[in-house]
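>>> compute the structure for the input listed below.
(one chain, ligands or ions: 1)
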Amino acid sequence: KLSKRLLAIADLVPPGARVADIGSDHAQLPVYLVQSGKAVSAIAGELNEGPLRAARSQIAAAGLTGRIQARQADGLAAIEAGEADCVTVAGMGGALMSAILTQGEADGKLQGVTTLVLQPNVGEDAVREWLLANGWYLAAERILEEDGKIYEVLQAINVADAGPLNRALYDAVFLPLDRAPEEKREWLIRMGPWLLRQPDAVVVRKWESEQDKLRAICRSLGLSEQPEAQEKSAVLLGHIDTIGEVLACLH
Ligand code: SAM
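Reported below is the predicted structural model:
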């Protein structure tokens, strides 16, 4: 049975897509997508030997060797330009994901790709920044909790005028904080404009737990006499307040 996390990713894949799943590991996502009829074919890209073998055996066990190819490659080197309409990247950090997308874009591998479905484990802000900087329109965001972990899934679409549309989205999303626009933007990127628009109990849980983590850091910084520790602590206390203000607006 597919995990709730992989199901949420699959849900944001457009029907009928040719999918490239980068960092596919066991290829569970492409197998599900092709088996369920959501994708017509798939490429499972994997850097490492062990996971690649796991992908090949899963694909063979599902009887899908004709429709899913497992390829050993670094990032989007797994595909030729025009081979995929939808690229999924899941279960890695946002910084690595952004680096993979940057390299792929530079190599022309995103040509013809209409949809990206991205599930960073950490560093969602880096992924949102990448999308904004590279002309992708952040079209949907999902948040879910599974086995005590919280995951975010981002869907971006490639539209010719993504730049201005994106700007309009970020300008229009109401973040009711009495703060400078730059600071509001920073928090929208961190917390997710769509997640703030459609508040969910999981969003509140995620950010309350983030506040707890920041409070713990502040307590340990408080033990230090160093002026830098005091400054850092003041910044983090500011973050705790800002998160509180945003959450108060969501209820
Ligand atoms: N995408 C699957 C999921 O979400 O369940 C697997 C996630 S797994 C934690 C991350 C996978 O990405 C690993 O199998 C790892 O070998 C692979 N990986 C890491 N860096 C990669 C890269 N640059 N190119 C392709 N695969 C990579």
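>>> can we go C-alpha only for contacts and neighbour counts from here?
OK.
>>> break the chain into its domains for me.
4-172, 199-250 (automatic domain parsing).
>>> with mean neighbour count and distance to the ligand as new columns, can these be given to me in TSV?
Conversion of the domains of the chain to TSV gives the following (neighbours: other Cα atoms under 10 Å; distance: least, Cα to the nearest ligand atom, whole Å):
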stretch	mean neighbour count	distance to the ligand
domain 4-172	19	3
domain 199-250	15	20
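>>> could the ones you listed go into a markdown table alongside distance to residue 182 and mean pLDDT?
Converted to a markdown table, those look like this (distance: least, Cα to Cα, whole Å; pLDDT from 0 to 100):
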| stretch | distance to residue 182 | mean pLDDT |
| --- | --- | --- |
| domain 4-172 | 11 | 93 |
| domain 199-250 | 13 | 92 |
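>>> nearest to residue 178, of those?
domain 199-250 (9.6 Å; Cα to Cα).
>>> residue 84 sits in which helix or strand?
Under DSSP states H and E, no helix or strand contains residue 84.
>>> thought it was touching residue 113?
Yes. Proximity of residue 84 to residue 113 meets the contact threshold set by Cα atoms under 8 Å, at 6.0 Å.
>>> would you map the helices across this structure?
Here the chain has its helices, by DSSP state H, at 4-11, 28-35, 49-61, 94-106, 124-133, 162-172, 181-191, 193-197, 201-222, 227-250.
>>> would you format those as CSV with distance to residue 79 included?
Putting these into CSV (distance: least, Cα to Cα, whole Å) gives the following:
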stretch, distance to residue 79
helix 4-11, 20
helix 28-35, 15
helix 49-61, 15
helix 94-106, 9
helix 124-133, 20
helix 162-172, 24
helix 181-191, 29
helix 193-197, 30
helix 201-222, 35
helix 227-250, 40
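>>> and these: which comes nearest residue 72?
Taking Cα to Cα, helix 49-61 is the member of the helices of the chain nearest to residue 72, at 6.7 Å.
>>> now the closest one and helix 28-35, what's the angle there?
20 degrees (axes from the mean of the first three to the mean of the last three Cα atoms, to 10 degrees).
>>> now do helix 49-61: distance to the chain's middle.
Mean-position distance between helix 49-61 and its chain equals 24 Å (Cα atoms, centre = their mean, to the nearest Å).
>>> got a list of contacts for it?
24-28, 31, 44, 46, 65, 68, 70-72 (Cα atoms under 8 Å, 6 or more residues apart in numbering).
>>> dump it to PDB, restricted to CA.
Extracted in PDB, the C-alpha atoms of helix 49-61 (Å, rounded to 0.1, in the frame of the first residue of the first chain):
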ATOM      1  CA  GLU A  49      23.400   1.300  -7.200                       C
ATOM      2  CA  GLY A  50      21.400  -0.300  -4.300                       C
ATOM      3  CA  PRO A  51      18.200   1.800  -4.800                       C
ATOM      4  CA  LEU A  52      18.500   1.300  -8.600                       C
ATOM      5  CA  ARG A  53      18.500  -2.500  -8.100                       C
ATOM      6  CA  ALA A  54      15.500  -2.100  -5.800                       C
ATOM      7  CA  ALA A  55      13.700   0.000  -8.400                       C
ATOM      8  CA  ARG A  56      14.400  -2.600 -11.200                       C
ATOM      9  CA  SER A  57      13.100  -5.500  -9.100                       C
ATOM     10  CA  GLN A  58       9.900  -3.600  -8.100                       C
ATOM     11  CA  ILE A  59       9.300  -2.700 -11.700                       C
ATOM     12  CA  ALA A  60       9.800  -6.300 -12.800                       C
ATOM     13  CA  ALA A  61       7.600  -7.600 -10.000                       C
END
